[in-house]
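Chemist: Sharing a model that was predicted from the sequence below.
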Amino acid sequence: MDGQDSGDTKQSTADMTQFVQTLLQQMQNRFQTMSDSIVQKIDEMGDRINELEQSINDLRTEMGVEGSPSPLSTSKKPDEPKTEEGSA
């Protein structure tokens, strides 16, 4: 009977090893799919940001304020002392 138990144990171990390998392969495939999707969405977002930036620059040029500072940079300057005072 020991021989049969040993054979069953070896088969069980082989089955478990195959199961774990299959599971890990499935997980790897899913993570790769998710990773590819995330990278694609980030690339698309970057393209949209670049298009938005170009549109803003085109509008600024049309308005004749090409040399003016960005509204974002001027709006942050008044907030900076408040942030420093609040953190001190």
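Modeler: Everything's here; your move.
Chemist: Below-threshold pLDDT in the protein: ranges please.
Modeler: Along the chain, segments meeting pLDDT under 70 span 1-5, 65-88.
Chemist: Could you pick out the longest helix of it?
Modeler: Ranked by residue count and defined by DSSP state H, the top helix of the chain is helix 2-63.
Chemist: Next, count neighbours for residue 42.
Modeler: Residue 42 has 10 neighbours, counted by other CB atoms under 10 Å. For every residue, glycine as well, the C-beta is placed using N, CA and C.
Chemist: distance of it from residue 7?
Modeler: 52 Å (CB to CB, to the nearest Å).
Chemist: And for residue 64?
Modeler: Using CB to CB, residue 64 is found at 87 Å from residue 7.
Chemist: got it, and residue 24?
Modeler: Distance, residue 24 to residue 7, using CB to CB: 26 Å.
Chemist: With residue 47 instead?
Modeler: 60 Å.
Chemist: again with residue 28
Modeler: 32 Å.
Chemist: what's the answer for residue 18, then?
Modeler: Using CB to CB, one obtains 16 Å as the distance from residue 18 to residue 7.
Chemist: same deal with residue 49?
Modeler: Going from residue 49 to residue 7 by CB to CB gives 63 Å.
Chemist: Residue 60 now?
Modeler: From residue 60 across to residue 7, the span is 79 Å (CB to CB).
Chemist: Between the two, point out the one with more neighbours.
Modeler: residue 60 (15 against 10).
Chemist: since we're on residue 21, how many residues are nearby?
Modeler: Residues near residue 21, counting by other CB under 10 Å: 10.
Chemist: and what of residue 49?
Modeler: Residue 49 has 10 nearby residues by other CB under 10 Å.
Chemist: Spit out the contact partners of it.
Modeler: By CB atoms under 8 Å, 6 or more residues apart in numbering, no residues touch residue 49.
Chemist: Could you do residue 33 as well?
Modeler: With contact set as CB under 8 Å, 6+ apart, residue 33 has no partners.
Chemist: what about it, distance to residue 39?
Modeler: Going from residue 33 to residue 39 by CB to CB gives 11 Å.
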